[in-house]
Every structure is written in structure tokens, then in C-alpha cells.
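> Predicted coordinates and the sequence they were generated for:
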Amino acid sequence: MAMLEVKNISISFGGLKAVNDFSVTIEKGQLYGLIGPNGAGKTTVFNLLTGVYKPDTGTILLDGKNITGRSTIEINQDGIARTFQNIRLFKELSVLDNVKVGLHNHFKYSTIEGILRLPRYYKVEKQMNERAMELLKVFELDSVADYKASNLPYGAQRKLEIARALATEPKLLLLDEPAAGMNPNETAELMDTIRFVRDNFDMTILLIEHDMKLVSGICEKLTVLNFGQVLTQGDTQTVLNDHRVITAYLGE
Ligand SMILES: Nc1ncnc2c1ncn2[C@@H]1O[C@H](COP(=O)(O)OP(=O)(O)OP(=O)(O)O)[C@@H](O)[C@H]1O
């Protein structure tokens, strides 16, 4: 069974069909890219997958479960986590606390236990600290666990966002332009991180990206969107050599 099966979803804003009859199938463990020119509808697809928008038509199945029309919180609990084009960390919180925010899906104590600092509160907090530190180690951020998130360099903030998304223990990770604003060294390191996450967390990853070096370097399959519609989809090299894709990018 596919990890994600999207069938014919569409959404309009006023007269504009931002996403029109979009379908995609992503297998478990795949590293999949969604590309296309500016304004093609890529972020709107992410917003449909994560429940920010509800599709006018079509269905979305995650690991066989129909999640169409569910809320963002429900879909996160069902197993989709995302990062954003513009980094959205809790800038005033520590690096550690940013990851702990993501852990709250799986580690719970009641409000009363928290307010009264009952034994269970300390036990759960300890478990969360340990799990958060484990994740930070994976991303080589454990040594800066106490830093304010806003004090990290840009590349490290992106890694932290991915760590926080993974803390929710998703089945599917969506990355929206993870290399945006990165220099070539940071991008190369990010490519290693993404591969590492897929291999070591057994993760299925769908990413939006304009950086073709990253796309051709790590994505196994691609879907190209153009004016809200699928232009073509398939193996990365085949898609990137398709003259329609080249034309769409050059705007001829
Ligand atoms: N909430 C909204 N209301 C009205 N129009 C919207 C809304 N969200 C997106 N759009 C429009 O839908 C189209 C697709 O936008 P989207 O942001 O999904 O494109 P994109 O492929 O992610 O672009 P980019 O690569 O520039 O980030 C655009 O024309 C955009 O203006």
C-alpha cells in the first residue's frame, strides 16, 4: 500500500483554480519532489495535504486512511508533519524546547499533574528531555540545546525545524523549500541530512524545491506542477529531461 495516495484534488480561490485535478502516489520510504515555476500551486498542495485548506473535490489517503477534510491537528496526529518555506520556529524558546513542542503528541500529562508538579509530570518531562536530546544529537544540535532558537545560524535553524517535525513521529514528512536562502555548502549538508532522515527514520519525504541540484541529487521521483495542473510525473532524470518541463521553467 502506498504511503500517500492523492486522487484528483482541486481547489479554487475566487475564479482561480490554484490546484486542478492533482493526483500523486508516493510509496513508503520514497524521497519525492514536487517542482514547478513560481505560483504553480506547490505550497497550495502542501496546504491541502495538511488540512490548512479542504479540497473542493478529490481524496487524500495516508497509509490507507482517508484524511480528506480533517483538521491540521488531526492530520498531524494521523502522521503528516511539515516544515515551512519561511522558517517557523518558536524563536524565543530554546533549541531543546522547540523539539519538545513536537513531542507533545506522544508524551502526555494532565494539566493538574503539570500545575501541581505531581510525580508523573517529572517523569514525563524527563522522558521528553531525553528523547529531545536524542533527536538533537542526530542533527548535531545537542551542544546548542540551551541556545535561543533565533541565535542559531540559518542552516541550523532549518535542521531544527526538521528535528521538531520528526519529534511528532510522522509517517510522511513534507519539506517546503528546505534549501531556500542557503549557500551551496549549507545545501550540500542539507542534502545529507535529508538522506539520513529517510534512511535512519525510515521516513517517506515529499519536498518542494527550486534548487535543481538538490532535486536531481536526492529525489527519486518528481511531479511537475504548472498552472495548478500536473505537467508530468515520473523518475527524476526522465522528468528533468522532458522538453515540456524545460519550456515551463523557461516560460517559452
Ligand atoms: N489563500 C489564497 N487565496 C487566493 N489565492 C491564493 C491563495 N493561496 C494561493 N493562492 C494563489 O494560488 C496560486 C498558487 O500559489 P502557490 O503559493 O501554491 O504557488 P507555489 O507553486 O507554491 O509558488 P512559489 O514557488 O512561488 O512558492 C497563486 O496564483 C497564488 O496567488
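Yes, it's here.
> could I have the one helix or strand residue 223 maps to exported to CSV, CA atoms only?
For residue 223, the host element (DSSP states H and E) is strand 221-226. Taking C-alpha atoms only, strand 221-226 is exported to CSV below (Å, rounded to 0.1, in the frame of the first residue of the first chain):
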residue,chain,number,x,y,z
LYS,A,221,10.6,10.7,-8.4
LEU,A,222,9.2,14.0,-9.4
THR,A,223,5.9,15.6,-10.1
VAL,A,224,5.9,18.9,-12.1
LEU,A,225,3.1,21.3,-11.5
ASN,A,226,2.3,24.1,-14.0
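> Need the contact partners of it.
With contacts defined as C-beta atoms under 8 Å, 6 or more residues apart in numbering, strand 221-226 is touched by 19, 22, 24, 26, 30, 32-37, 40-42, 45, 215, 230-236, 239-240, 242, 245, 248. Every residue, glycine included, has its C-beta placed from N, CA and C.
> Do me a favour and average the pLDDT over it.
Average pLDDT, strand 221-226: 96.
> I'd like the distance from that strand to the chain centre, please.
How far strand 221-226 lies from its chain's middle: 17 Å, per C-alpha atoms, centre = their mean, to the nearest Å.
> likewise stretch 92-109?
How far stretch 92-109 lies from its chain's middle: 17 Å, per C-alpha atoms, centre = their mean.
> next one: stretch 27-42
11 Å.
> Name the residues that touch it?
2-3, 18-20, 22, 24, 26, 45, 176, 194-195, 198, 202-210, 215, 218-228, 231, 236, 248-249, 251.
> Likewise for stretch 238-247?
Outside stretch 238-247, the residues that touch it by C-beta under 8 Å, 6+ apart are 212, 215, 216, 221, 222, 224, 231, 232, 233.
> Using TSV, lay out the residues you listed together with neighbour count.
Shown next, in TSV, are the contacts of stretch 238-247 (neighbours: other C-beta atoms under 10 Å):
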residue	neighbour count
212	12
215	21
216	14
221	19
222	24
224	24
231	19
232	15
233	18
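> Looking at the contacts of strand 221-226, which are in strands?
Among the contacts of strand 221-226, the ones falling in strands (DSSP state E) are 19, 22, 24, 26, 32-35, 230-235.
> out of everything not next to it in sequence, what's closest to the spatially most central residue of the chain?
Nearest to the geometric centre of the chain sits residue 174, at 2.0 Å (C-alpha atoms, centre = their mean). Leaving aside its sequence neighbours, residue 174 sits nearest to residue 82 (C-beta to C-beta, 6 or more residues apart in numbering; 4.0 Å).
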